[in-house]
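J.: Pasting the sequence and the predicted coordinates here, then a few questions.
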Amino acid sequence: MPKINFVKEKVIVDAADGDNIRSIARQNGVQLYSGPHKVFNCMGFGHCGSCNVIVKKGSENCSRKGILESLWKWAHPLLGLKILSNEGKDVRLACQAKVHGDVEIDTHPPINWHGNKFWG
Ligand code: FES
């Protein structure tokens, strides 16, 4: 049974194999959304990008990125917003990432508006 550690919230919970991170967070009172996204989000359909989290440990225990997450990766550079491209960090959409083993999750990753190499 996978253990999910929401580091900032200091919440460690058990999950069923194949649960997605969003549903585990919601069931255990962990807020994934900021600001207006608490109300206005796509409800887990992978369209809004507001449920992004960083997988600090256990990336290998998460499902592979699907087409929706891949589209976000390509769409953000085109829009000039590299929110999901924190280089060196495994940023996932919580609603799309399924867990198959222990993971550590950082909610509310900082927004990387320009990418790490924009100014230098
Ligand atoms: S809830 Fe919208 S992308 Fe996950």
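T.: Perfect, I can see it now. Residues are numbered from 1 along each chain as shown.

J.: hey, where'd the helices end up in the chain?
T.: 21-27, 67-79 (DSSP state H).

J.: which phi and psi does D102 have?
T.: Backbone torsions of D102, given as degrees, to the nearest 10, read phi -70, psi 140.

J.: In contact with it, which residues?
T.: 2-5, 57-58, 61 (CB atoms under 8 Å, 6 or more residues apart in numbering). (Glycine included, C-beta is placed from N, CA and C.)

J.: now those: which count as buried?
T.: 2, 4-5, 58, 61 (16 or more other CB atoms under 10 Å).

J.: For stretch 53-68, measure first residue to last.
T.: 15 Å (CA to CA, to the nearest Å).

J.: mind listing what's buried in it?
T.: Here stretch 53-68 shows 53-55, 58, 61-62, 65, 68 as buried, counting by 16+ other CB under 10 Å.

J.: Ok, stretch 25-44 next?
T.: So for stretch 25-44, counting by 16+ other CB under 10 Å, buried means 25-26, 30, 32-33, 41, 44.

J.: just those that are near the ligand?
T.: 41, 44 (CB under 6 Å from any ligand atom).

J.: does the ligand sit close to the longest strand seen in the chain?
T.: In the chain, with assignment by DSSP state E, the single longest strand is strand 52-57. No: counting by CB under 6 Å from any ligand atom, the ligand has no neighbours in strand 52-57; the shortest distance is 7.6 Å.

J.: in its sheet, what does that strand sit against?
T.: Strand partners for strand 52-57, identified by DSSP bridges, are recorded as strand 90-93 (antiparallel), strand 103-106 (antiparallel).
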